[in-house]
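>>> could you work out the structure for the sequence below:
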Amino acid sequence: MACDETNKAKLHVGDVGTTIRCQFVDQAEQPLDISQALVKEISIEQPAVGEASPVAVLHAGTFAGDGSDGLLNYVLQSGDLPVPGYYHFQGHVTFTGGADHHSNRVRVRVMPNNAAPSP
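Alright, predicted model coming up:
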């Protein structure tokens with residue numbers, strides 16, 4: 001699952017183990033080296049339910065490599081996708097001195113889980 005418009009995985013309520021991957025790029029659209037980032041997080045904004053406002057939860061991101069490729073990952077855990085609807089994913093990093101960078105914010109539809117309940 002990428003934080004861009006390509007290669008969107010099909011997600012369902014309750015999915016666990018799917019990797020959300022956000023790429024950070026510079027103004028020339030080249031990978032931004034985030035290896036020295038002090039804060040590494042991915043935000044998952046859940047859809048609004050009823051009249052409630054959407055809920056955004058921050059999760060610690062990890063590197064698959066050393067971060068020089070600009071990639072930040074988060075593996076979905078139980079409870080991350082509790083309801084169907086449109087979610088937003090976005091990566092955020094902060095460097096020494098306070099410089100902040102964000103990946104693209106991506107809207108992804110999470111489908112209902114139609115699995116039959118266990119007897």
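>>> any weak-confidence spans in the protein?
Across the chain, the stretches falling below the confidence threshold (pLDDT under 70) are 1-9, 115-119.
>>> looking at it, which strand is longest?
Ranked by residue count, the top strand of the chain under DSSP state E comes out as strand 85-94.
>>> report the separation between the one residue sitting closest to the centre of the chain and Gly50.
Among the residues of the chain, Phe89 comes closest to the average C-alpha position under CA atoms, centre = their mean, at 3.9 Å. Remark: distance between Phe89 and Gly50 (CB to CB, to the nearest Å) = 23 Å. Yep, even glycine has a C-beta here, placed from its N, CA and C like the rest.
>>> now Ala56. Nearest residue, chain neighbours left out?
The spatial neighbour of Ala56 that comes closest, neighbours along the chain excluded (CB to CB, 6 or more residues apart in numbering), is Glu45 at 4.2 Å.
>>> what's across from the one you found in the sheet?
The partner list for Glu45 in beta bridges (DSSP bridges) reads Ala56, His88.
>>> I'd say it and Gly85 touch.
No. With contact defined as CB atoms under 8 Å, Glu45 does not reach Gly85; the gap is 10.5 Å.
>>> the closest residue to Pro84 other than its chain neighbours: neighbour count?
By the measure of CB to CB, 6+ apart, the closest residue to Pro84 outside its immediate chain neighbours is Pro112, 4.5 Å from it. Taking other CB atoms under 10 Å as the criterion, the count of residues near Pro112 is 11.
>>> contact partners for Pro112?
Listed by CB atoms under 8 Å, 6 or more residues apart in numbering, the contact partners of Pro112 are 12-13, 84.
>>> can you map out the strands along this structure?
In order along the chain, the chain carries the following strands (DSSP E): 11-12, 19-23, 39-45, 56-60, 71-75, 85-94, 100-102, 106-111.
>>> and the last one, what does it pack against?
Yep, that's strand 106-111 we're talking about. Packing contacts for strand 106-111, counted by 3 or more CB pairs under 8 Å, 6 or more residues apart in numbering; DSSP states H and E, involve strand 11-12, strand 85-94.
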